[in-house]
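1. missing the sequence, but the structure's below:
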């Protein structure tokens, strides 16, 4: 999906001529589960979307971001969960902690290489959106689907 999107954007005549001014990475999907209970597939999916997607897009758009006379900007959207990990959201927190490390690393690399690329990290807190409400629903669903999991009863008590 990232590659197809990049191919479409990079085919634009204006992008070919002037490059890109800004890339905003705001991938997010919540997967709920106890830290010691989820499948590796769940963890791989969460990290692949929330961290792998932005990394792929930065690589795919690198040259276009560097092309303009003033360079470009990358805005990575993390979360307060990239600072504090909440119970039963370890995979989401791990992906957002990873976004912070990725942003710090690329910022330092760009500085060392003296490239005209600016990196920003945005860390919004909790906001009453469908995304947040879907996490609550997913939490209750997970607890209901895993009645034998030793963490399920404590999970239900927290929601």
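-> Yep, it's here. No experiment lies behind these values; they were computed from the predicted model shown. Numbers count the residues shown, from 1 in each chain.
2. list the contacts for the most centrally placed residue in the chain?
-> Taking CA atoms, centre = their mean as the criterion, residue 50 is the residue nearest the geometric centre of the chain, at 3.0 Å. If you count contacts by CB atoms under 8 Å, 6 or more residues apart in numbering, residue 50 has them with 27-29, 92, 95-96, 98-99. Bear in mind the C-beta positions are built from the backbone N, C-alpha and C, glycine included.
3. Report the buried residues of the helix ranked longest in the chain.
-> What stands out as the longest helix in the chain, according to DSSP state H, is helix 90-113. Neighbour-count burial for helix 90-113 flags 90-100, 102-103, 106-107, 110 (criterion: 16 or more other CB atoms under 10 Å).
4. can you give me the helices in this structure?
-> Assigned by DSSP H, the helices in the chain fall at 2-10, 13-18, 40-47, 53-67, 90-113, 130-145, 152-158.
5. Compute the number of surrounding residues for the residue lying closest to residue 19 once chain neighbours are set aside.
-> Across the structure, with CB to CB, 6 or more residues apart in numbering as the measure, the residue nearest residue 19 apart from its sequence neighbours is residue 67 (2.9 Å). The tally of other residues near residue 67 (other CB atoms under 10 Å) stands at 17.
6. How about the contacts made by residue 67?
-> For residue 67, the contacting residues are 18-20, taking CB under 8 Å, 6+ apart as the criterion.
7. From residue 36, how far out is it?
-> Going from residue 67 to residue 36 by CB to CB, to the nearest Å gives 47 Å.
8. try residue 122
-> Relative to residue 36, residue 122 is positioned 31 Å away (criterion: CB to CB).
9. And residue 89, by the same measure?
-> Relative to residue 36, residue 89 is positioned 14 Å away (CB to CB).
10. again, but for residue 19
-> According to CB to CB, residue 19 and residue 36 sit 46 Å apart.
11. More neighbours: which of these two?
-> The residue with more neighbours, out of residue 19 and residue 36, is residue 19; 19 against 9, by other CB under 10 Å.
12. Need the nearest residue in space to residue 35, chain neighbours excluded.
-> Taking CB to CB, 6+ apart, and ignoring the residues beside it in sequence, residue 35 has residue 90 as its nearest neighbour in space, at 4.2 Å.
13. confidence score at the one you found?
-> According to the model's per-residue confidence, residue 90 sits at a pLDDT of 83.
14. Repeat that for the one 4 residues further on.
-> Residue 94 carries a pLDDT score of 88 in this model.
15. which regions of the protein sit below the pLDDT cut-off?
-> Counting by pLDDT under 70, the ranges of the chain that qualify are 38, 127-136, 138-139, 154-159.
16. Many thanks, we can stop here.
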